[in-house]
Every structure is written in structure tokens, then in C-alpha cells.
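1. The following block contains a protein sequence and its predicted model.
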Amino acid sequence: MATRRTGQPKAHAVLARRAFAELLGSLLLAATVVGSGIAAQRLSPSDAGLQLLENALITGAVLVALILALGPVSAAFNPVVTLAERAFGAIGSAATVVLIAAQVAGCCLGVVLANLMFDLNPVTFSTHRRSSGGLWLGEVVATFGLLVVIFGVVRSGRAGQVGYAVGGYITAAYWFTSSTSFANPAITVGRALSDTFAGIAPASVAGFVLMQLLGGALAVGAVRLLYPDARQVAQHVAAGGEATSRPDDGHLRTPRDDRPAGHDPNPDRTLRSPPERRARP
């Protein structure tokens with residue numbers, strides 16, 4: 001009993017820190033997506049293509065920065081990614097609920113912040129309807145590709161490079177998908193709160209979210225097929241000093257450089273912070 005009392009508060013503290021990282025990262029991501037869209041509309045009012053280019057480049061850049069900065073704690077910023085982590089066994093059900101709630105809250109707060117920065121009402125529901133078979137298919141493709149990129153990079157032992165991979169993929173997906181790659185239920189909900197370039201009508205949100213979940217489910221299956229021997233791959237990469245991951249551990253965190261000098265890396269260690277040791281009675 002004494003052991004459990006000692007370990008439990010530490011587990012709660014770790015989850016709280018991860019939830020805060022997800023809240024903060026989601027807030028800044030949503031503020032960037034909507035804010036850069038507003039700026040693009042105002043700076044390039046007659047050129048929709050240029051507006052999309054500006055929005056895509058800024059979004060891709062901030063994803064790299066946020067994942068690099070918050071990756072050592074938690075940097076999914078996306079409920080579909082977190083659900084995939086749960087499917088891979090990287091996190092528990094309670095943590096999944098907490099992290100998704102933080103992501104949704106962060107994205108909504110970020111959109112409100114963007115509106116206020118550009119002297120708009122805090123909340124103005126979007127009138128931009130996005131509802132068609134082509135757009136829904138675009139969301140399946142965008143989300144599928146995003147998760148394959150994330151977990152493919154992590155499972156191949158290159159978690160430190162995931163920020164660059166995600167930033168590059170999202171920048172491209174803005175252009176090659178018909179939906180301009182929302183690929184994130186939390187930010188989809190948030191973008192309904194701004195009637196600007198990046199907005200989506202509330203009536204269109206459910207269709208997008210369902211397609212994102214479908215794309216995520218297909219991606220989980222694809223990753224399992226692509227990396228059935230992830231442990232062996234990770235061990236091989238570890239021999240060269242790179243980060244490693246367990247085959248069923250796809251948690252989106254980057255390696256930490258706080259190991260003592262001369263430490264011999266364990267090839268089976270996860271990409272998450274090590275669990276707190278319980279005190280012995």
C-alpha cells in the first residue's frame with residue numbers, strides 16, 4: 001500500500017505535464033493555422049492560391065518548431081494520433097481521454113486567440129461549408145498519410161526527425177488533398193469557431209471527423225503491416241546510436257538527451273520518458 005501511495009502522485013504529475021504540453025502545443029498550432037489564414041487573406045486579398053501557399057508554409061514551419069520543443073514531453077496535438085498510440089499500447093485509456101480533452105480545448109482556445117489578435121470577435125461560427133465526397137476522401141488520404149509518416153519515422157528508430165517529417169508532409173498535403181488536409185479532429189472543431197480563410201462550417205465538422213477517424217484506423221493497420229519486425233529494426237538502428245522504439249510503442253515523443261555519460265542505451269527502451277520507480281517498502 002505504501003508503494004502505491006508513493007508512485008501514484010508521480011504518475012498523475014507526469015500525465016498532467018503531458019496534458020499541459022498537448023494543450024499548449026494545440027493552442028499554438030491552432031492559433032497559427034487560423035492566424036496565418038487571416039493574415040494571408042488580408043495581405044493577398046485577390047489571390048486564393050497565394051493565400052493557401054502562405055497558410056501551408058506557416059503551418060508546416062510551426063509544426064516543426066512545436067514538435068521539436070515539446071516532443072520530449074508530448075507532441076501529438078491530434079486525437080487521431082493519440083488514439084493510434086492507444087491502439088499500439090503506448091498509453092492507457094485514462095491518459096487517452098485526458099490528452100484528447102487537452103488537445104480539443106487547446107485548439108479551441110488557439111482559434112479564439114487568433115481571432116482576438118486580428119481584432120475579430122472571439123468566436124464567430126464559420127459559414128464555409130466543406131461537404132462533398134471528394135473532400136471527405138481527401139481527409140481520409142490526408143489523415144492516413146500523416147499517421148503513416150509519424151509512426152513510420154518513429155518505428156524505424158528516427159523519432160528525433162519526426163518534426164521535420166510532419167512539417168513537410170502537412171505542407172505538401174495542403175496542396176495535394178482536396179480538403180487542404182485538416183487531418184485532425186481537434187483542430188477541425190476549433191476551426192469552426194472562426195469565419196475566416198481556415199474556417200469550416202459547424203455542419204461540416206462531423207463528416208470531416210468521421211473521415212479522419214477512418215483514415216487513422218487504416219493507417220494503424222498499414223503501420224502494423226509495414227513494421228511487423230519493429231523491434232529488430234530498432235535494435236539495428238540502436239547500434240548506430242540512434243533513438244529506438246518498441247514495436248508496439250508509437251508514442252509521439254522525441255528522445256531525451258539527459259542520460260549520464262557513458263550510458264549504454266537499451267535497444268528496447270521506448271520513446272517515452274522512463275516510468276517513475278516505485279519506492280520499496
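-> Received the coordinates, thanks.
2. Point out where the chain drops to low pLDDT.
-> Low-confidence regions of the chain, defined here as pLDDT under 70, cover residues 1-9, 230-281.
3. all helices of it, in order?
-> Counting by DSSP state H, the segments of the chain that form helices are 2-43, 48-70, 79-87, 93-117, 133-155, 162-176, 185-191, 202-226, 230-238.
4. now those as JSON lines including distance to residue 123?
-> Yep, even glycine has a C-beta here, placed from its N, CA and C like the rest. Compiled in JSON lines, those are given as follows (distance: least, CB to CB, whole Å):
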{"stretch": "helix 2-43", "distance to residue 123": "12"}
{"stretch": "helix 48-70", "distance to residue 123": "21"}
{"stretch": "helix 79-87", "distance to residue 123": "21"}
{"stretch": "helix 93-117", "distance to residue 123": "6"}
{"stretch": "helix 133-155", "distance to residue 123": "24"}
{"stretch": "helix 162-176", "distance to residue 123": "25"}
{"stretch": "helix 185-191", "distance to residue 123": "10"}
{"stretch": "helix 202-226", "distance to residue 123": "11"}
{"stretch": "helix 230-238", "distance to residue 123": "43"}
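5. you'd agree residue 56 is up against residue 174?
-> Yes. Look at residue 56 against residue 174 with CB atoms under 8 Å: they come within range, at 3.6 Å.
6. hang on, the earlier thing: how about the helices of the chain in CSV, adding mean neighbour count and distance to residue 127?
-> CSV is the format used below for those (neighbours: other CB atoms under 10 Å; distance: least, CB to CB, whole Å):
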stretch, mean neighbour count, distance to residue 127
helix 2-43, 19, 14
helix 48-70, 19, 17
helix 79-87, 24, 25
helix 93-117, 21, 15
helix 133-155, 22, 16
helix 162-176, 19, 21
helix 185-191, 28, 12
helix 202-226, 18, 10
helix 230-238, 18, 45
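7. quick one on the thing from earlier: any common contacting residues for residue 56 and residue 174?
-> Residues touching both residue 56 and residue 174 comprise residue 180, with contact defined as CB atoms under 8 Å, 6 or more residues apart in numbering.
8. What separation do you get for the closest residue to residue 126 other than its chain neighbours and residue 79?
-> For residue 126, the nearest residue in space outside its immediate sequence neighbours is residue 199; the separation is 3.0 Å by CB to CB, 6 or more residues apart in numbering. With distances defined as CB to CB, to the nearest Å, the gap from residue 199 to residue 79 amounts to 19 Å.
9. again, but for residue 31
-> 18 Å.
10. May I have the phi/psi pair for the residue nearest to residue 126?
-> Recorded main-chain torsions at residue 199 are phi -70, psi 160, according to degrees, to the nearest 10.
11. Residue 75 too?
-> Given degrees, to the nearest 10, the pair of backbone angles that residue 75 has is phi -150, psi 50.
12. What is the burial count for it?
-> Neighbour count of residue 75, defined by other CB atoms under 10 Å: 26.
13. Who are the contact partners of the closest residue to residue 219 other than its chain neighbours?
-> Setting aside the residues directly before and after it, residue 219 is nearest to residue 147 in space (CB to CB, 6+ apart), at 3.5 Å. The neighbours of residue 147, taking CB under 8 Å, 6+ apart as the test, are 80, 81, 84, 215, 216, 219, 220, 223.
14. mind running it again at 10 Å?
-> Contact partners of residue 147, counting by CB atoms under 10 Å, 6 or more residues apart in numbering, are 78, 80-81, 83-84, 183, 212, 215-220, 222-223, 250.
15. likewise residue 201?
-> Going by CB under 10 Å, 6+ apart, residue 201 touches 125, 126, 127, 128, 129, 130, 131, 191, 192, 195.
16. closest to residue 24 among those?
-> Looking at those and their distance to residue 24, the nearest is residue 191, at 18.5 Å (CB to CB).
17. I'd guessed the closest one sits against residue 179; true?
-> No. Contact criterion CB atoms under 10 Å: residue 191 and residue 179 do not qualify, at 11.8 Å.
18. Now do the shared contacts for the two.
-> Residues touching both residue 191 and residue 179 (CB under 10 Å, 6+ apart): 130, 200, 208.
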